[in-house]
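In: Turn this into a model:
(4 chains)
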Number of protein chains: 4
Amino acid sequence: MVGGSCLSETLTIVRDPVHGFIKLNKTEMAIVGSRPFQRLRYIRQLALTHLVYPGAEHSRFAHSLGVMNFATRIFDTLLEKNRDLLDWDQKRVEKNRQLLRLAALLHDVGHAPFSHASEELVGGKDHEPISSRIMGTKPICDLLDGFEKVGITAKDVVEFFSAESIDPDVAFLREIYSGEIDADKLDYLLRDSLYTGVHYGRFDFERLINSLILIADPNTGNNIVAVEFGGLHALEGLVLARYFMFTQVYFHKIRRAFDHHLVEFLKRYVVRYPKPISEYLEWDDNRVFALLQKHRKNDDNARRILERKPFKEAFTTDEHINDEQRTRFHWMLKEVQNEFKGVSMFCDTTEKSPHKFEEVGTYLMSKTTEKPTLVLRVSEIIRNLRKIEQYRIFVGESHRKKVHEFCTDFWLTQGKKSD
Amino acid sequence: MVGGSCLSETLTIVRDPVHGFIKLNKTEMAIVGSRPFQRLRYIRQLALTHLVYPGAEHSRFAHSLGVMNFATRIFDTLLEKNRDLLDWDQKRVEKNRQLLRLAALLHDVGHAPFSHASEELVGGKDHEPISSRIMGTKPICDLLDGFEKVGITAKDVVEFFSAESIDPDVAFLREIYSGEIDADKLDYLLRDSLYTGVHYGRFDFERLINSLILIADPNTGNNIVAVEFGGLHALEGLVLARYFMFTQVYFHKIRRAFDHHLVEFLKRYVVRYPKPISEYLEWDDNRVFALLQKHRKNDDNARRILERKPFKEAFTTDEHINDEQRTRFHWMLKEVQNEFKGVSMFCDTTEKSPHKFEEVGTYLMSKTTEKPTLVLRVSEIIRNLRKIEQYRIFVGESHRKKVHEFCTDFWLTQGKKSD
Amino acid sequence: MVGGSCLSETLTIVRDPVHGFIKLNKTEMAIVGSRPFQRLRYIRQLALTHLVYPGAEHSRFAHSLGVMNFATRIFDTLLEKNRDLLDWDQKRVEKNRQLLRLAALLHDVGHAPFSHASEELVGGKDHEPISSRIMGTKPICDLLDGFEKVGITAKDVVEFFSAESIDPDVAFLREIYSGEIDADKLDYLLRDSLYTGVHYGRFDFERLINSLILIADPNTGNNIVAVEFGGLHALEGLVLARYFMFTQVYFHKIRRAFDHHLVEFLKRYVVRYPKPISEYLEWDDNRVFALLQKHRKNDDNARRILERKPFKEAFTTDEHINDEQRTRFHWMLKEVQNEFKGVSMFCDTTEKSPHKFEEVGTYLMSKTTEKPTLVLRVSEIIRNLRKIEQYRIFVGESHRKKVHEFCTDFWLTQGKKSD
Amino acid sequence: MVGGSCLSETLTIVRDPVHGFIKLNKTEMAIVGSRPFQRLRYIRQLALTHLVYPGAEHSRFAHSLGVMNFATRIFDTLLEKNRDLLDWDQKRVEKNRQLLRLAALLHDVGHAPFSHASEELVGGKDHEPISSRIMGTKPICDLLDGFEKVGITAKDVVEFFSAESIDPDVAFLREIYSGEIDADKLDYLLRDSLYTGVHYGRFDFERLINSLILIADPNTGNNIVAVEFGGLHALEGLVLARYFMFTQVYFHKIRRAFDHHLVEFLKRYVVRYPKPISEYLEWDDNRVFALLQKHRKNDDNARRILERKPFKEAFTTDEHINDEQRTRFHWMLKEVQNEFKGVSMFCDTTEKSPHKFEEVGTYLMSKTTEKPTLVLRVSEIIRNLRKIEQYRIFVGESHRKKVHEFCTDFWLTQGKKSD
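Out: From the prediction side, this is the model:
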């Protein structure tokens, strides 16, 4: 173990199907044992996806351990390779390594029930501000203060996690668990692939981790994470894995239908999750399931979830809609709602960029010049990946056939007339 | 697909991390979609084992599909190899294959919440009589009647499953999903291994399945399932896998503690599950979790489960206790309870035979004589495996050290004085 | 087993790291046992690639069994799904299944030593005409005649393999082992990935196989193999796997250098392989290795191979050269040869289309219209994959640095002047 | 990387199907690139086993890298856990770590063609003395001297490897690559399993490595490697894996027959390998294969190997013969040789202890007393494993049936008469 921070400590070893073994020190274990972290055992990683892929019953708990583990591996790799850029003494190594591990471990602690599916009930944009608040609240903040011997306080972790830290040195550390090539993606792609039983999310993560290096940003001079030339195809593998997982698993039509039923149900019976942390933490999947159960007989969405009778896809566009198709779809949607007045249906929109390399400006080391080049300049595969944008219409089983015919006919003929 | 029963039907393909793909026909899918079967999604295969092995969050749902799939593979293998013993016409093949698939699919449908952990609240010996009752009750019985075209009624399935069928031909079929080398063990060992991330439960199942044959029982002349000589070591592999899974996972000390807390909690707040099937089916893990949550603040067992603070093991015997040790343990138990009056503790006993070959009389084909020999005569490894019998004392964290010292001292010195 | 052709026969089961088990009937085993087929054990699948990826020591032998196995799985899947298009009786099923298995098994039997690396010494375009000649020669032809009970003669196999068969029915069968989505690619990508230890060649082959269907060609009405819509991403996975294996393994710079040294050596000491089949079959890798050994001290190429001292890459273009770059490269090549007169160097060109869908016109079933659409119209990922075309200059270690500098300088400055 | 010896060096990363990645420093790479080490590419790990398990075409080359890698992992684990016993300064850590890596890397460099199969032609007991001589000979010794900066000379490596080093500190280091729980076994069991496609050799190596600790030998006080209690079942897994690999792969009947044919052939045409290292190193599998080829038409053993027509097993005892059976077998052997005078046959004997724990006295930490106990006292499974001792008679195909009948009859009836 590079940082060597744990030499004199007893390590707890946790088994994990993705990582084999994950080691934690005593204070980390105390955090894992705390109530807010244990709650993650009852927040499913992929919401109701197990209704499509039965194996996908895993929770945010093991994922959080996994992100911490991958983050550490990346950190150790960078440290081993970049002693020149990082002339940190042992103390600084230990502190930064521990900061990174804690932020990675706790990054999802604020997740709402069913992960992203019910995020809109949180009131904010996503779960990260809540994670941050939980870190600053008892019992977690007291436990974080337990790292004083390596010079860390709860305040440090919160600032690090919220990107409010002003330490320029460690700016790149945040990239490790929350950048464009990060421990979070590594873990969720491999984990979700394993549990769903699909192959799409697998890629050569060993090679990718081994290809990461630290460079000075050509513009700012700050340390940033880049990829050695030899890791190009492993990086392309990661991007494609993520792209395929979105189209095949995360945006699976049946999963989208259940997400809809779930959100509708929650909007009605929960409205929004409570603001106070202690009350917020009382909410987990089990509690929502109990609520669904309670309303199974009087609420259509609850029944559809528990009896696995989702609305059916009656129409879908391609995964990459163009402007003309977007216009045509909205026209069609109006027509179909008109035609089938009183029939309950909903329109679902999925959008996702396959990467943010443009925005982030990730670099690859050029083979010819041995200087950093933008990934997007080198990789045609990544450059050519188009944004996912797909529109669908869902409707109850009994009307599916008619709506499908109406839409298909409109799409292929009526719609074209406008051309 | 041998039986060929599905040629004209649309098959639904389900992804599974253990099997890759599992195919179901339309009527089977209707059963899977029914409320009683969907409930299995919320019965964890390994109760609270995820509190020890975080990955073990899987349910009885995928396991049930898996048993059906392995049962079918075994059936098809036997059929391909044993056309001589089984001169069944296509119709009979189809009927028996479908019967087997249905019994395998539904064998766990009656499981109580948290699988075996809460079985004692059911009132009977195990979950199988309830599975049988559910098969005979709406909506399942109506769906089973849907197999009339291959000559199957719900009554047939119930009789088959309950071993009340008088058809001598198919007696051996039950062995396939519920014998000593059966689809149930194959699936749970591989599945539990995968999800816990341990290796112990893995064995060469492909080889084992390929080694199964049908023979005429030397005593009764009935068809029974036996193992070809070449499959000996794969069979030993299965027995060892099961043995190791019991000692390492199923009887893990922390898991045992949680089982205890759970049962104590349920005994107090549920007492026993309702008898009427429709009410019984309202109980699943989610409901129990909600109940735990409700009592977290007023019930110690609930708190220990939700905050992951189980009683700790203060003493344990070896995995294979002998008579003298058993006596010594009970003496010690009395002494320790006396010494620590008022201190809450419990004694846990685990017992398991590594196999039932003695009882069942499973045969292997001898290499020299080419005749059936008892497995136990041939395999020294299996013959020498001793029964697991282990006694432990658990106590709250604060008393663990003292109780541990008292017990260890007694065990190593006092206890010996009786020799 | 669908075709059921083997019911009364003893099957031999062969272990394989990719397939688990591969089953062969008695006559197939006789072919496998014959001298020409046993020779494949000593023809390395990836020539001298083990000098780069040490694990890649596998031969054409297991690959041939694997192609037969995948071909059978595809056949059985198509048959199960397409009873409507293929109203073959049991006899016709058996015959066609066996024909396919034999052609797949023997498709590589004519390979020259070191597979493709030494193909140019064969005198023809590739190894297939020789495979065909071997099938028609003793002992193979006699063994093939052993399939008369299912209506097959050696002549049938040769005609089938050589695409000279006039049976319109079975035209599509050839696609199964030698088309654009075929058993050959499936096996070599998975096998080469496993043995090299890279991940690039892995893809969801189970899903892909399950997605194949038979359709009537919209133009000709003939049966052709197409892909169901749900298999689109699995197909993209295959194409990408192949693309990555070419860029990362098959066109690896060190491998290319060894290929060059090997061909140069063979051109000098073997000139060309003998025409008569019996003499041709005397050549395998062992014999070439012995020859290398013999000339280790007097031949530079032999020494470089046996002591692992290949020429080094002094310059390389991108993987996708454009017209301007091609021109510039040839100009540079002339200049560098001029500059380093007397220095031994060579230029290496690699070219590969990532697929032939344009040419072959492979179809995918459209989701909207449920009619066949060209794969290239649907898949942006495949459509955007550019042809690999890469030029490199290799030179001895001692001159590498100077040549590298000369080339890089030329490429980045001089060459640009022409712009 | 613990020892940190490589911080300033460029590491070469080699892909391996068992380990993923193996890293080597520059001087180690020079050794790997040397002619004696490159020769290991042409020494098959499992001799002619590929004639039974087609995938088993791997060589000693990757195995040697793998042993080095596992040895390093064990060393790093022990160092991390046992800072108390090993208060080595950084310099001493680096030196010992490098010594261990070199010995592990080179331990098989003296192997004869076809590994153990042709060892008897070497003239000594095994290949290790030759490995030792090669380390002390150019070019290896010069390369080893290249480690002077960490205080290592070729002499040190030779002494370390030959157990002639008098440094008491490092006595336990040799156990790491050549003890009863060592890097050699770990690698060959996993590698041979992977390449043959069997599962028997797989075990939980991660858990086992993590369970190793250093203790003071209760008798001598010297540092020795022991196993933590929690690693008991992983250790049993290793022992069983090895046991099964011997019975299923290494002692497979067809493999034994080919070993016999090979040794007979070599005894005749090679007699014995030359003593001088430079001449000895000229011999590899390729050279033997070329010799086999040359004599294919005039030598029966050569023909049988190249045409895969081994003698067939006509009789075999159980895997664990007892005294009475041994006597009976020898009596039978005489009788059968008498009866079938002039018929070529041979008797094959295999013997192997499943472990040497008795001899070596390996310790496990007791759970109750927390003191070292002998593994054999704790593990019933290991204690009960019996020595493999099996006798077989092999004969040409044409006489197999008659000899088989004669033997079986004798074994079951005649032989018994003596009882």
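In: next structured bit after the longest helix along chain A?
Out: Here the longest helix in chain A is taken by residue count, with DSSP state H as the criterion, and it is helix A:60-81. Secondary structure here is assigned by DSSP states H and E; on that basis, the next helix or strand after helix A:60-81 toward the C-terminus is helix A:90-106.
In: Report all helices and strands that that following helix contacts.
Out: When contacts are defined as 3 or more C-beta pairs under 8 Å, 6 or more residues apart in numbering or on different chains; DSSP states H and E, helix A:90-106 sits against helix A:26-33, helix A:60-81, helix A:128-135, helix A:154-161, helix A:171-178. No exception for glycine: its C-beta is placed from N, CA and C like everyone else's.
In: Quick one: work out the angle between it and helix A:154-161.
Out: Between helix A:90-106 and helix A:154-161, the angle comes out at 70 degrees (axes from the mean of the first three to the mean of the last three C-alpha atoms, to 10 degrees).
In: For A:Gly342, what are phi and psi?
Out: Per-residue torsions, A:Gly342: phi 90, psi -20 (degrees, to the nearest 10).
In: Please apply the same query to A:Ala216.
Out: The phi/psi pair for A:Ala216 (degrees, to the nearest 10) reads phi -90, psi 130.
In: and it, how far is that from A:Asn223?
Out: Distance of A:Ala216 to A:Asn223, given as C-beta to C-beta, to the nearest Å: 7 Å.
In: same question, A:Asp142
Out: Here A:Asp142 is placed at a distance of 32 Å from A:Asn223 (C-beta to C-beta).
In: Tell me which of the two has more neighbours.
Out: Set A:Asp142 next to A:Asn223 and count neighbours by other C-beta atoms under 10 Å in any protein chain shown: A:Asn223 wins out with 21 against 12.
In: give the contact list for the closest residue to the more buried one other than its chain neighbours.
Out: Nearest non-adjacent residue to A:Asn223, counting by C-beta to C-beta, 6 or more residues apart in numbering or on different chains: A:Phe172, 4.6 Å away. For A:Phe172, the contact set (C-beta atoms under 8 Å, 6 or more residues apart in numbering or on different chains) comprises A:214, A:222-225.
In: mind running it again at 7 Å?
Out: Each residue near A:Phe172 by C-beta atoms under 7 Å, 6 or more residues apart in numbering or on different chains is listed here: A:214, A:223-225.
In: Assign a three-state SS to A:Thr137, would you?
Out: coil (DSSP: H, G, I helix; E, B strand; the rest coil).
In: neighbours of it, just the number please.
Out: Using other C-beta under 10 Å as the criterion, the residues surrounding A:Thr137 number 17.
In: Over to A:Tyr363?
Out: Counted by other C-beta under 10 Å, the residues lying close to A:Tyr363 total 22.
In: Pretty sure it sits against A:Arg377.
Out: No: in this structure, A:Tyr363 sits apart from A:Arg377 without contact. The criterion is C-beta atoms under 7 Å, and the distance is 9.7 Å.
In: what does the stretch 101-250 of chain A have sitting close to chain D?
Out: Contact residues of the stretch 101-250 of chain A with respect to chain D, defined by C-beta under 7 Å from any C-beta of the partner chain, are listed as A:206, A:210.
In: in chain A, which helix or strand is least confident?
Out: Taking mean pLDDT, DSSP states H and E as the measure, helix A:415-417 is the helix or strand of chain A with the lowest mean score, a mean of 56.
In: Secondary structure element holding A:Leu262?
Out: When secondary structure is defined by DSSP H and E, A:Leu262 falls within helix A:253-269.
In: Tell me which other helices or strands that helix touches.
Out: Other helices and strands packing on helix A:253-269, by 3 or more C-beta pairs under 7 Å, 6 or more residues apart in numbering or on different chains; DSSP states H and E, are helix A:300-306, strand A:345-352, strand A:388-395.
In: following it, which helix or strand shows up next?
Out: Along the chain past helix A:253-269, the next helix or strand (assigned with DSSP H and E) turns out to be helix A:277-280.
In: Just the buried positions in that following helix, please.
Out: Burial within helix A:277-280, assessed by neighbour count using 16 or more other C-beta atoms under 10 Å in any protein chain shown, is assigned to A:277, A:280.
In: list the contacts for A:Val18?
Out: Here A:Val18 is in contact with A:66, A:187, A:190-191, A:194 (criterion: C-beta under 7 Å, 6+ apart).
In: so it sits in a strand?
Out: No: in this structure, A:Val18 is coil, not part of a strand, as judged by three-state DSSP.
In: thinking again about what came up before, for the contacts of A:Phe172, which one is nearest chain C?
Out: Using C-beta to the nearest C-beta, A:Val225 is the member of the contacts of A:Phe172 that lies nearest chain C, at 21.4 Å.
In: hang on, the earlier thing: relative to C:Arg207, which of the helices and strands packed on helix A:253-269 is closest?
Out: With C-beta to C-beta as the criterion, C:Arg207 lies closest to strand A:388-395 of those, at 19.7 Å.
In: next helix or strand past the closest one?
Out: If you walk from strand A:388-395 toward the C-terminus, the next helix or strand you reach (DSSP H and E) is helix A:397-409.
In: what does that following helix rub up against?
Out: By C-beta under 7 Å, 6+ apart, helix A:397-409 touches A:312, A:314-315, A:332, A:336, A:339-340, A:343, A:345, A:393, A:395, C:368.
In: ok and it relative to strand A:345-352, angle-wise?
Out: For the pair helix A:397-409 and strand A:345-352, the angle between their directions (the same axes, to 10 degrees) equals 60 degrees.
In: for helix A:397-409, what is the average pLDDT?
Out: When the per-residue pLDDT values of helix A:397-409 are averaged, the result is 94.
In: Also stretch A:169-180?
Out: The predicted model assigns stretch A:169-180 a mean pLDDT of 86.
In: circling back: mind putting the helices and strands packed on helix A:253-269 into TSV with distance to D:His261 and mean neighbour count?
Out: Supplementary listing: these in TSV, determined by distance: least, C-beta to C-beta, whole Å; neighbours: other C-beta atoms under 10 Å in any protein chain shown:
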stretch	distance to D:His261	mean neighbour count
helix A:300-306	67	21
strand A:345-352	62	15
strand A:388-395	61	21
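In: State the number of residues packed around A:Asp84.
Out: Other residues within reach of A:Asp84 by the criterion other C-beta under 10 Å amount to 8.
In: An error on my part: the question was meant for A:Gln414.
Out: Per other C-beta under 10 Å, the neighbour tally for A:Gln414 reads 15.
In: Quick check: the gap between it and A:Thr327.
Out: Noted for A:Gln414: a distance of 13 Å to A:Thr327, by C-beta to C-beta.
In: do A:Trp411 as well
Out: According to C-beta to C-beta, A:Trp411 and A:Thr327 sit 12 Å apart.
In: out of these two, which sits in the more crowded spot?
Out: Neighbour tally, A:Trp411 and A:Thr327, criterion other C-beta under 10 Å: the higher count belongs to A:Trp411, 18 against 13.
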